[in-house]
Structure formats: structure tokens, C-alpha cells
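Asks: I need the structure of the sequence given here:
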Amino acid sequence: MKILVAMSGGVDSSVAARLLTDAGNECIGCTMKLYGNEDAGISRAHTCCSLDDVEDARSVAHRLGMPYYVFNFSDDFRATVIDKFVDSYLHGMTPNPCIDCNRYMKFGKLYERAKILGCDHIATGHYARIEYRDGKYLLKKAVDPSKDQSYVLYAMTQDELAHTLFPLGGMCKTETRRVADEGGLINADKPDSQDICFVPDGDYARIIELHTGKPTTPGNFVDRDGNILGRHNGIIRYTIGQHKGLGIPLPGKRYVSALDPVKNTVTLGEEAELYSSHAHVGDFNWISGEAPTAPLRCKVKIRYRQPEQWASVCPDADGTVNVTFDEPQRAITPGQAAVLYDGDTVLGGGVILPSDR
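Replies: You can find the predicted model right below:
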């Protein structure tokens with residue numbers, strides 16, 4: 001097969017490339033340039049850290065005898081990922097930009113580039129699996145539950161699954177590093193990335209202000225009855241469930257329980273007020289390509305590191321999905337993804353919408 005391998009400069013995508021070349025495939029390595037220094041608030045006088053990743057990827061590709069390219073997708077990334085990230089925070093939601101990057105960049109723009117290059121498939125270093133059964137492609141969890149990334153891949157279509165390879169889906173991370181070390185890859189011991197790539201210091205508010213060109217507007221902290229408790233520094237600095245960094249004296253521990261971008265208020269309450277049994281989910285993608293015609297029982301995951309929970313799921317005629325959990329869940333957060341599982345198979349997922357408790 002002729003395969004376009006997405007190489008981030010990390011150990012996972014490098015080992016994916018090695019496994020595929022060792023298997024005799026014709027591989028082309030590539031790295032996507034997704035943002036410039038100015039997008040991440042880094043001085044033009046400094047070299048963006050992503051250039052180090054490019055050199056690591058180039059080194060691995062050279063060692064494996066693969067052609068290697070850097071594709072500049074920064075305009076598309078800004079339009080489909082960064083702008084959406086900024087807009088979500090301004091509307092009181094907490095987005096997961098890695099999901100949009102996978103959806104629009106890795107399995108959107110990169111897939112288009114692969115077809116231009118005459119490649120049969122693209123491959124990434126994600127920890128997930130793809131199976132073909134009864135005429136449909138299935139997206140499944142990785143064998144290593146501690147590294148499973150199926151949650152951020154729920155937006156994949158049948159066509160994308162048909163032309164994608166996840167060589168690491170059946171491996172553990174320790175095995176991945178062993179393969180890299182045995183292959184003499186330069187990044188065998190490179191730490192995993194943790195932060196959102198275009199927010200290298202974790203200061204989301206600074207990036208949002210950079211892209212809007214104006215500081216956020218302070219407003220009122222209120223309780224559930226609307227009583228003013230103090231002043232906040234802008235709703236983009238808060239997320240549902242947060243209790244640290246509120247900056248005002250309160251009797252007992254209080255948590256962010258709601259954000260209202262219209263009134264510019266942040267509602268604070270006791271921890272019990274964070275629990276809800278319902279989530280309304282939009283922009284939904286069913287992996288099979290077909291929405292169920294009746295309610296179903298399955299497990300649902302509402303954040304990356306949380307175990308999925310049993311729920312009843314009801315698809316609506318407008319394409320949205322209503323999720324009712326068997327047990328109340330803590331801090332169901334608008335903007336995060338709700339992903340449905342049947343055992344280790346991903347049924348689909350979407351974005352949690354703002355709703356009244």
C-alpha cells in the first residue's frame with residue numbers, strides 16, 4: 001500500500017511509520033504546520049517549538065528512508081479550530097480543539113492531500129482500532145485503556161475509516177517506546193505532549209484576547225437566585241466545576257455551576273449543584289452513518305479521562321441527541337464531547353449544548 005503518515009515529531013507517530021515501512025509499505029511522511037508564532041502569542045524573534053517537532057519528524061523519516069513533506073495548513077487551522085475555540089469560550093462553553101483538529105485537519109485536509117499524492121491510506125499514531133464487520137467499519141478502543149484515544153475520534157466517517165490506519169491500536173505505550181528505542185529513533189524517550197498545541201503555556205484567556213484584539217469584560221459572580229457575590233474577570237476564565245482561582249472570599253467551598261454570556265455572569269454554588277442526569281448533544285456524528293430509529297441503551301463518556309457511564313439515549317428528529325444518565329453526573333460541561341460506546345465500539349458522539357438544569 002501507498003500510505004501518507006502524519007508525523008507530529010513524537011514517538012507514537014514515528015513508531016507508526018516504522019511499523020508500516022517494516023511491513024513493506026510505500027510510505028510518505030508529513031507534518032502539518034498548523035499555526036504560526038503570532039497565533040500562539042510567541043514573539044516572531046523566537047523559534048516556535050513546533051519547528052523542533054518538524055526536525056524530529058524529518059530525522060525519523062530520513063532514517064526510515066521515507067520522503068518527507070511539511071504541509072502548511074495554518075489558514076485552515078485558524079478558520080476551523082482556533083476561531084471555533086475562541087467563539088466557544090466567548091459563548092460560555094469549554095471546547096476540545098483536539099477533536100476539531102482530528103476532524104478537519106488530520107481526517108479532512110490531510111486525507112485530501114493523500115488522494116492528490118496517490119496514497120491509498122493515511123496513518124496516524126492514535127491509540128485506537130478500526131475493524132470491518134458486516135459491511136461497516138467500526139471504530140474501537142485501543143487495547144491499552146490508559147492510552148485509548150477513541151473519544152477524540154468520534155467524528156470519523158465510514159469513508160475516512162476505510163482509508164485510515166492506526167498501527168498502534170493493539171500496542172501498549174511501553175511497547176511503543178521499546179520499538180522506537182530498538183529502531184534508533186531520535187525521539188524514543190521524548191515526553192508526550194500535554195497542552196493544546198497553540199496554547200503552549202496553558203493560558204487560554206491570553207490566546208482568546210490575542211485573537212479578539214480586546215480584553216474580556218469583567219462581570220458579576222451570582223448565586224442560583226441571582227444575588228451578586230462579587231466580581232469576576234471575564235467568563236472565558238472559568239469553566240463548569242471550577243473552584244480554584246475564583247478570587248473572592250466565600251463561606252465554604254463554591255464551584256462554577258453556570259456561565260451566562262448574555263448577562264456576563266458566572267453562577268457559583270455548592271458541589272451538589274454541579275450534578276445533573278441530562279445532556280443535550282448537537283453536531284452529532286453516528287459512526288455507522290445512520291442514526292438509530294429508536295432509543296438505545298449504551299455507555300456515554302463526557303470528558304476525556306472519565307470512565308463512560310450507563311445512559312438512555314434518544315435521537316431527535318433535528319439530529320440532536322438527548323442523553324439521560326442512570327446516575328447524576330458531575331459538571332456536565334457545554335462544549336465538551338459526549339461519546340457513546342457499545343462495549344469497546346464507538347457508536348458516535350457530539351458536542352454538549354448549553355441547557356437548563
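Asks: which residue packs closest to Ala57, ignoring adjacent ones?
Replies: Ranked by Cβ to Cβ, 6 or more residues apart in numbering and with sequence neighbours excluded, the top spatial neighbour of Ala57 is Met7, at 3.9 Å. All C-beta spots, glycine's among them, are computed from the backbone N, C-alpha and C.
Asks: any idea how many residues pack against the one you found?
Replies: Met7 is flanked by 32 other residues according to other Cβ atoms under 10 Å.
Asks: now the helix or strand containing Ala205: mean pLDDT?
Replies: Under the criterion of DSSP states H and E, Ala205 resides in helix 204-212. In this model, helix 204-212 has an average pLDDT of 92.
Asks: kindly report the same for stretch 225-241.
Replies: The model assigns stretch 225-241 a mean pLDDT of 96.
Asks: how long is that stretch from one end to the other?
Replies: End-to-end distance of stretch 225-241 (Cα to Cα, to the nearest Å): 18 Å.
Asks: buried residues in that stretch?
Replies: Buried residues in stretch 225-241, counted by 16 or more other Cβ atoms under 10 Å: Leu229, His232, Asn233, Gly234, Ile235, Ile236, Arg237, Tyr238, Thr239, Ile240, Gly241.
Asks: what does stretch 306-325 give?
Replies: Buried-residue list, stretch 306-325, by 16+ other Cβ under 10 Å: Glu308, Gln309, Ala311, Val313, Pro315, Thr320, Val321, Asn322, Val323, Phe325.
Asks: redo those residues as JSON lines? Include secondary structure.
Replies: Listed next are the buried residues of stretch 306-325 as JSON lines, based on DSSP: H, G, I helix; E, B strand; the rest coil:
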{"residue": "Glu308", "secondary structure": "coil"}
{"residue": "Gln309", "secondary structure": "strand"}
{"residue": "Ala311", "secondary structure": "strand"}
{"residue": "Val313", "secondary structure": "strand"}
{"residue": "Pro315", "secondary structure": "strand"}
{"residue": "Thr320", "secondary structure": "coil"}
{"residue": "Val321", "secondary structure": "strand"}
{"residue": "Asn322", "secondary structure": "strand"}
{"residue": "Val323", "secondary structure": "strand"}
{"residue": "Phe325", "secondary structure": "strand"}
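Asks: ok, of those, which one's closest to Asp344?
Replies: Glu308 (10.4 Å; Cβ to Cβ).
Asks: okay but the closest one is in contact with Phe325, surely?
Replies: No. When contacts are counted by Cβ atoms under 8 Å, Glu308 is not listed as touching Phe325 (10.4 Å).
Asks: name the residues contacting each of these two.
Replies: Residues touching both Glu308 and Phe325 by Cβ atoms under 8 Å, 6 or more residues apart in numbering: Val300.
Asks: which SSE is immediately downstream of the longest strand belonging to the chain?
Replies: Longest among the strand segments of the chain by residue count, using DSSP state E, is strand 275-286. Of the helices and strands lying after strand 275-286 in sequence (DSSP H and E), the nearest is strand 296-301.
Asks: residue contacts, Asp12?
Replies: Gly125, His126, Tyr127, Leu168, Thr176, Asp192.
Asks: now the buried members of the residues you listed.
Replies: Buried among the contacts of Asp12 by 16+ other Cβ under 10 Å: Gly125, His126, Tyr127, Leu168, Thr176.
Asks: most widely separated two among the residues you listed?
Replies: Spatially, the most separated pair among these is His126 and Thr176, at 11.8 Å (Cβ to Cβ).
Asks: low pLDDT regions in the stretch 51-200 of the chain?
Replies: Low-confidence segments of the stretch 51-200 of the chain (pLDDT under 70): 194-195.
Asks: what do you get for the stretch 251-357 of the chain?
Replies: Using pLDDT under 70, the stretch 251-357 of the chain drops low at 356-357.
Asks: any idea how the chain splits into domains?
Replies: Residue ranges for the domains of the chain, per automatic domain parsing: 2-182, 216-269, 274-352.
Asks: who wins for proximity to Pro200 among the ones you listed?
Replies: Within the domains of the chain, the stretch nearest Pro200 is domain 2-182; the backing value is 5.8 Å (Cβ to Cβ).
Asks: and the closest one, how far apart are its ends?
Replies: Start-to-end span of domain 2-182 (Cα to Cα) is 25 Å.
Asks: which of the buried residues of stretch 225-241 fall in helices?
Replies: Secondary structure from DSSP state H places none of those in helices.
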